[in-house]
Each structure stands twice: as C-alpha cells, then as structure tokens.
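Peer 1: Dropping the sequence and predicted coords here.
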Amino acid sequence: MSAVRPGRRPSVRRWQSGSETPAERVPRKRHPRSQPLESAHPDDTRRSRAREDRSSFRRRRLTLLAGLQTRILRYRISWAQLAWAGHRLSGIGVLAFLFAHIVETSTVALGPGAYNFTQGFYRNLPARLGEILLMAAVVYHSLNGLRVIVMDFWPRTTVHYRSLTYGVVAATIICMVPIGLIMITPYAPWGGR
C-alpha cells in the first residue's frame, strides 16, 4: 500500500486493503428500541416505550432550550437598540391611547348617560396608574425624540449616544416623580377625594 500524506484519508477502505473482508467485520449493535423487550405482561413493553418516548422528548426539549439560551446570551443588546425599542413602544402606546380617547370622547353624541358611563372608567386607581404610565411614555417619547433630533442635526454627538440615552432616561425619571405625585394624590392617603 502506498504511503498516505499526512492530513489526508486513504482512498481505499480497510476491508479492501486485504486485512479484513466484509464477512469478518463485527456487526453493529442494534438500537435498544429496535430489540424486543422481554416481559411477563404485554402492556409492559408499551409502558416502557412510552416512558422512553417521554424521556427522549424531555431530553430534546432541554437541548432545544439550552441552545436557545446560548443564542440569547450570545446576542448583546446595545443601548441604541433599547432606545429605539423604547421609542417605538412608547409611540405605539400613545397612539393606542389617542384612539381610545377619540372613541371615549365621541360618546358625547350618544348622550350624557353614555359619556358619564365611559368617564367612570377613569375614576379608579388602576386607570390612574395607567394614565401615569401613559404620561411616562409621553415624556420619554418626547425627550428621546429631542435626542434623535440633536443627533441628526449635529452628527458629532453620535459618539455620545450612550450618555445621551442615560440622560433621557434620567430626565424621564426626574420629570415623572412630581407628575406621578400630582396624578396619584387624589388616591393617596395624604390626598383627599
């Protein structure tokens, strides 16, 4: 037989080289599921196969989840992506409230009873908390819009996008403290109803 260069596989199979014939090869073991199970009860084989199927399903599911976890952890989200997503979500939230407000205000045409009924939805604590979240979305959306305008008109500021994003988030929190206190006061223990 000729010498094989390093790093290359020989082109001749082992049994063709004369050292082993196909009949002398050792047969491969069969998969455990393909062999019949010896049992006293005929239902035992079904139960054990069902148990194997469940365990293999669990194993496949855990493998899939582990692969998904590594893909998620490998992907790094930047501050620019978070600012972009927050800007879009706050804009969608404000737009959804605008449509709800138009529908709610248009009940005036149906009479004072219908209008007062729809206004009753806004006179409880969960609705007030929703309005506070709406106000936070409006404040964030407007401040982040100003950040985008600044970065568009002065391209040199794009180097500082992370600090500008921090500034937008900090300004939103600072603005929302007094706004939230004013909006929640009628429902707070210190405020009157």
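Peer 2: Cool, the structure landed.
Peer 1: In the helix or strand hosting S163, which residues are buried?
Peer 2: In this assignment (DSSP states H and E), S163 forms part of helix 161-184. The neighbour-count check on helix 161-184 (16 or more other Cβ atoms under 10 Å) flags 161, 164-165, 168-169, 171-172, 175-176, 180, 183-184 as buried. (Glycine included, C-beta is placed from N, CA and C.)
Peer 1: quick check: domain ranges of this structure?
Peer 2: The chain breaks down by automatic domain parsing into domains covering 40-75, 79-187.
Peer 1: ends of the longest one, how far apart?
Peer 2: The distance separating the two terminal residues of domain 79-187, taken as Cα to Cα, to the nearest Å, comes to 36 Å.
Peer 1: switch to numbering from 12
Peer 2: Let's use 12 as the start, then, which means that last one is domain 90-198.
Peer 1: Could you pull out the helices in this structure for me?
Peer 2: 53-85, 90-116, 123-130, 136-164, 172-195 (DSSP state H).
Peer 1: Save those as a markdown table, and put in mean pLDDT too.
Peer 2: Compiled in a markdown table, those are given as follows (pLDDT from 0 to 100):
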| stretch | mean pLDDT |
| --- | --- |
| helix 53-85 | 67 |
| helix 90-116 | 91 |
| helix 123-130 | 90 |
| helix 136-164 | 93 |
| helix 172-195 | 92 |
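Peer 1: quick one: R173 and Q92 touch, right?
Peer 2: No - here R173 lies out of contact with Q92, judged by Cβ atoms under 8 Å, at a distance of 11.7 Å.
Peer 1: Now do stretch 155-168: everything it contacts.
Peer 2: 94, 97-98, 101, 169, 172, 175-176, 178-179 (Cβ atoms under 8 Å, 6 or more residues apart in numbering).
Peer 1: Show me the two of those that sit farthest apart.
Peer 2: S101 and T169 (21.4 Å; Cβ to Cβ).
Peer 1: Count the neighbours of L93 for me.
Peer 2: Residue neighbour count, defined by other Cβ atoms under 10 Å, stands at 12 for L93.
Peer 1: what's the answer for Y126, then?
Peer 2: Neighbour tally, Y126, other Cβ under 10 Å: 16.
Peer 1: what's the answer for A199, then?
Peer 2: Counted with other Cβ under 10 Å, A199 comes out at 12.
Peer 1: again with L154
Peer 2: 18.
Peer 1: Quick one: residues contacting it.
Peer 2: 179, 182-183, 186.
Peer 1: Dump those residues to TSV, plus distance to L121.
Peer 2: Formatted as TSV, the contacts of L154 follow (distance: Cβ to Cβ, whole Å):
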residue	distance to L121
V179	41
A182	41
T183	37
C186	37
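Peer 1: Show residues contacting the helix holding S174.
Peer 2: 90-91, 93-94, 139-140, 142-143, 146-147, 150-151, 154-155, 158, 161-162, 168, 202.
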